[in-house]
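Colleague: coordinates only, sequence not included:
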């Protein structure tokens, strides 16, 4: 989908956009289900990166204490508790730049993944940058999906982080897809971007080949001590408009209500589900920020008549559309030609 097409959708009257999005949603997701995902920080704080929104960067004084990588037994305890509460996907995040084969921390992560994968849940990890071999090892250990958000548009990205590039993000996503993992990639609203940046971000995501299996849409939770602590809240209608456009642009993906749900009342969340969201982070805490309580989510889903989607750890990974030309980026990664034009990488 092109930027011009996304812009036309954005300019539709609000209810007309929602009607269009609902029709696409019902075509591809006819069951009234929502995926319940639990997120656990298995290594918190002390990250060397300078992402301007992140409480875990060692460069900022946010009150988040650096903690070592959790041991397997402790992670298993949390994963079993998540399964018992109804979660079907267990997502584990580690605050570091990336992982490398042959290191103790990577071997420990592989051990954690192997154990969690025995629980019958989908296993998702977000570990920063990945090389080809690291991606293959994670897939073999049992990772279902790799999360690596692109955050915002290629143009605005340097205003958010300087310690890695937008193309670095695309390279990791390509390695994850080539290894056979599903990709969970989305963005964050409220990073000082404009509407153009939001649509450009979505243009890049929509032109991945294959498209992401999951697309988290986050609203910035401004953390004291970060460069973005003064950023204002994202308007609920703007947030829901992006949910609707995402559903139309990436129809087969799970669209996840991610960070920022504590800033939305239940009516706004219900409208987001109507617009095409069918996944949430479920549990009282995200990586470091608060999340709606489990009982609150259970009550809301009951009110809406929605049920939990069953886990599918052996799900089919989206296949590339080989009718679309694949071209190399500057670092040699193959991506859809449309995505190269969308982000300007490799041109």
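Modeller: On my side now, so go ahead. Just so we're clear, the structure is a prediction, and the values are computed from it rather than from any experiment. Numbers count the residues shown, from 1 in each chain.
Colleague: which residues touch residue 126?
Modeller: The neighbours of residue 126, taking CB atoms under 8 Å, 6 or more residues apart in numbering as the test, are 91, 92, 93, 94, 146, 147, 148, 184. (Glycine included, C-beta is placed from N, CA and C.)
Colleague: neighbour-wise, which of the residues you listed leads?
Modeller: With neighbours taken as other CB atoms under 10 Å, the top of these is residue 184, carrying 29 neighbours.
Colleague: where does that residue land on pLDDT?
Modeller: Here, the pLDDT recorded for residue 184 equals 95.
Colleague: Please tell me I have it right and it contacts residue 145.
Modeller: Yes - the criterion here is CB atoms under 8 Å, and residue 184 meets it with residue 145 at 4.9 Å.
Colleague: First-to-last residue distance for stretch 41-53?
Modeller: Its start and end residues considered, stretch 41-53 measures 17 Å (CA to CA, to the nearest Å).
Colleague: what residues does it touch?
Modeller: 54, 56-59, 64-70, 75, 92-97, 105, 109, 112, 128, 151, 159-164, 188, 191, 220, 222-223, 226-228, 287-288.
Colleague: Mind listing what's buried along it?
Modeller: 41, 42, 43, 44, 45, 47, 49, 50, 51, 52, 53 (16 or more other CB atoms under 10 Å).
Colleague: could you dump those residues to TSV with distance to residue 257 and secondary structure?
Modeller: Listed next are the buried residues of stretch 41-53 as TSV, based on distance: CB to CB, whole Å; DSSP: H, G, I helix; E, B strand; the rest coil:
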residue	distance to residue 257	secondary structure
41	19	strand
42	23	strand
43	25	strand
44	23	coil
45	25	coil
47	25	strand
49	25	coil
50	27	coil
51	21	coil
52	23	coil
53	18	coil
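Colleague: Low-confidence stretches in this structure?
Modeller: Along the chain, the model assigns pLDDT under 70 to residues 283-291, 314-347.
Colleague: which residue ranges form the strands in it?
Modeller: For the chain, the strands defined by DSSP state E cover 33-43, 89-94, 122-126, 145-147, 182-184, 187-189, 214-219, 254-257, 279-281, 307-308, 326-328, 334-336.
Colleague: Let's have those strands in JSON lines, adding distance to residue 297.
Modeller: Shown next, in JSON lines, are the strands of the chain (distance: least, CB to CB, whole Å):
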{"stretch": "strand 33-43", "distance to residue 297": "8"}
{"stretch": "strand 89-94", "distance to residue 297": "14"}
{"stretch": "strand 122-126", "distance to residue 297": "18"}
{"stretch": "strand 145-147", "distance to residue 297": "20"}
{"stretch": "strand 182-184", "distance to residue 297": "20"}
{"stretch": "strand 187-189", "distance to residue 297": "21"}
{"stretch": "strand 214-219", "distance to residue 297": "16"}
{"stretch": "strand 254-257", "distance to residue 297": "10"}
{"stretch": "strand 279-281", "distance to residue 297": "7"}
{"stretch": "strand 307-308", "distance to residue 297": "10"}
{"stretch": "strand 326-328", "distance to residue 297": "40"}
{"stretch": "strand 334-336", "distance to residue 297": "36"}
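Colleague: do you know which of those lies nearest residue 11?
Modeller: Shortest distance between residue 11 and those, using CB to CB, is found for strand 187-189: 17.9 Å.
Colleague: Show me what the closest one is packed against.
Modeller: Where contact means 3 or more CB pairs under 8 Å, 6 or more residues apart in numbering; DSSP states H and E, strand 187-189 is packed against helix 195-206, strand 214-219, helix 236-249.
Colleague: now that strand, how far from the centre of its chain.
Modeller: What separates the centre of strand 187-189 from the centre of its chain is 9 Å, taken as CA atoms, centre = their mean, to the nearest Å.
Colleague: same question, stretch 114-134
Modeller: Chain-centre distance of stretch 114-134: 14 Å, with CA atoms, centre = their mean.
Colleague: Mind listing what's buried along that stretch?
Modeller: 115-117, 119, 121-130, 134.
Colleague: contacting residues for residue 255?
Modeller: Here residue 255 is in contact with 214, 215, 217, 243, 246, 247, 276, 277, 278, 279 (CB under 8 Å, 6+ apart).
Colleague: do that again at 6 Å, thanks
Modeller: By CB atoms under 6 Å, 6 or more residues apart in numbering, residue 255 lies in contact with 215, 246, 247, 276, 277.
Colleague: Need the buried residues of stretch 41-53 in CSV (columns: distance to residue 295).
Modeller: Output for the buried residues of stretch 41-53, formatted as CSV (distance: CB to CB, whole Å):
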residue, distance to residue 295
41, 22
42, 25
43, 29
44, 25
45, 29
47, 32
49, 35
50, 37
51, 32
52, 34
53, 29
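Colleague: Most widely separated two among these?
Modeller: Farthest apart among the buried residues of stretch 41-53 - using CB to CB - are 42 and 52, which lie 23.4 Å from each other.
Colleague: so the residue nearest to the spatial centre of the chain bridges to which residues?
Modeller: Geometric centre of the chain, nearest residue: residue 216, 3.9 Å, by CA atoms, centre = their mean. With DSSP bridges applied, residue 216 shows beta-bridge pairing to residue 256.
Colleague: Alright, I will stop here.
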